[in-house]
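# Sequence plus the predicted model coming up.
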Amino acid sequence: MANSSLINPLLKRQFVPLLLALLLLLVVALLIDWQVGSYPLSWQQISNMLLAKQPKAPLASYVFFHLRLPSALNAIWVGASLALAGVMMQVLLHNPLADPYILGVSSGSSLFALLAMLLGVSWLLLPVAAGVGALLAVGLLLILAQSQWQAERLLLLGVMINAAFSSMIAFILIVAPSHQLRGMLYWMMGSLHSTPVQWWQWVLLLVVAGALFATGRRLNVLAHGAGYAASLGMVSHRWRWSLLVAVSLLTAVVVSHVGGIGFVGLLVPHAARWLVGHDHRRVIPVSMLLGAVLLLLADSASRSWFAPLQLPVGLLTSALGVPVFLSLLLKRNSLYVNG
C-alpha cells in the first residue's frame, strides 16, 4: 500500500467542503481566464456581456464571445477529460507514470493531422483526420494485444506504436514546406483556440465519467493489481477491456479536437489522490475539477505571459509535467497503490 503519510488526512475527511472549494476555484480560474490577455476585459464588461447588456466596445464583445468563451469551455472540457483518462490509465495499466497518451493515441492523431495539412486538406476536416489516426492507434493496440490483458504487454505495445508513429511524424516535418511547418508544430503542441466544444463531446465526457464513477468499487479493487482483482472475482477480463477502449476513445476525441496537450493526465490524478486518498468515487470528481482548473490557468498564462504572442498551452503543461514525471520516476514510493 502507499505510504499513508503522503495522504492529507484532513482533506480526505472533508470531502464535500473540498468539492465546494474546488468548484469555487474553478469559477475564479474561469473569471481570470476571461479577463486576462493582450486585450484585457474588465469585470464590468464581462458582467454586462453575461447579462446580455450591450457593451460599449464592439471589440470587447468579439473578444469575449468568439475567443475567450470558447477557449475557456475547451479548457474545462479538455482538462476534465484528460484527468479522467489519466486516472483510468494508471489504474488499468497499474502504473503511476501512465497517462492518456502512453498508448500511442496522441502520436497517431498527430500523424494523420499532419498528413492532412501536408495534403492541403481544409482545416474544418483536420479534427476528422486526427480522430481517424487516434482510432487507428487504438485499433492497432487491440489487434497486437490479442485479447491478452497484461499491463506490461500493453505498455510495451503502446511504446512501440508511439515510436513508430513518431518516426513518421519526424519524416513529415522534414519534408514539409517551410510555410506549413509553423502551423504543424503549433498544432502538435496543443491549442485550446480551436472550434468550440460541441454538446456531444460534453455528453461523451459525462457518460464515461458516470460509468466509471458507478464502478468505483471495482476500480478500487483493480488498483491493487489484476491478480488481486481476479482472486476476488470482482473484475472481469471483458470489463477491463471495455474501460480501456472507452478511455482511449475519449482521449482520441480530445486529441483530434485540440492537438497534443500532455502531462495533464499524469499530474492531476496524483494531486487528487494526495487530497482524497485512493477511493476512486472521490478521485474521479476531484481529478476532473483539478484538470479543468489547471488548463484554465494554463490558458490564461499562455495568453498573457508573452502577449501579444500566444503560446500553445501544451508547451506550458509539458514544462510543468516533465520535472514532476522525473520526480515520480526517481521516487519509487509514489502516491499510488502498489499491488
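It's in.

# for the stretch 1-150 of the chain, which spans come out with low pLDDT?
Where the stretch 1-150 of the chain drops to pLDDT under 70, the residues are 1-13, 53-57, 147-150.

# If we use 80, what do you get?
For the stretch 1-150 of the chain, residues meeting the criterion pLDDT under 80 lie at 1-13, 51-58, 93-98, 100-103, 121-127, 131, 138, 141-142, 145-150.

# Would you map the helices across it?
Secondary structure of the stretch 1-150 of the chain (DSSP state H, counting those that start in this stretch): helices at 9-13, 15-35, 43-50, 58-62, 69-92, 105-118, 126-145.

# Save these as CSV, and put in mean neighbour count too.
Yep, even glycine has a C-beta here, placed from its N, CA and C like the rest. Formatted as CSV, the entries for the helices of the stretch 1-150 of the chain read as follows, by neighbours: other C-beta atoms under 10 Å:
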stretch, mean neighbour count
helix 9-13, 13
helix 15-35, 16
helix 43-50, 15
helix 58-62, 13
helix 69-92, 26
helix 105-118, 25
helix 126-145, 20
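
# Figure out which of those is closest to Pro308.
Distances from Pro308 to each of the helices of the stretch 1-150 of the chain were compared by C-beta to C-beta, and the smallest falls on helix 58-62, at 14.2 Å.

# Mind giving me the packing neighbours of the closest one?
The elements that helix 58-62 packs onto, with contact taken as 3 or more C-beta pairs under 8 Å, 6 or more residues apart in numbering; DSSP states H and E, are helix 43-50.

# could you give the angle of the helix it packs on to helix 15-35?
100 degrees (axes from the mean of the first three to the mean of the last three C-alpha atoms, to 10 degrees).

# re the thing from before, figure out which of the helices of the stretch 1-150 of the chain is closest to Val264.
The closest approach between Val264 and any of the helices of the stretch 1-150 of the chain, judged by C-beta to C-beta, belongs to helix 69-92 at 4.1 Å.

# my guess is Leu295 meets Val258, correct?
No - taking contacts as C-beta atoms under 8 Å, Leu295 lies outside contact range of Val258: 9.5 Å.
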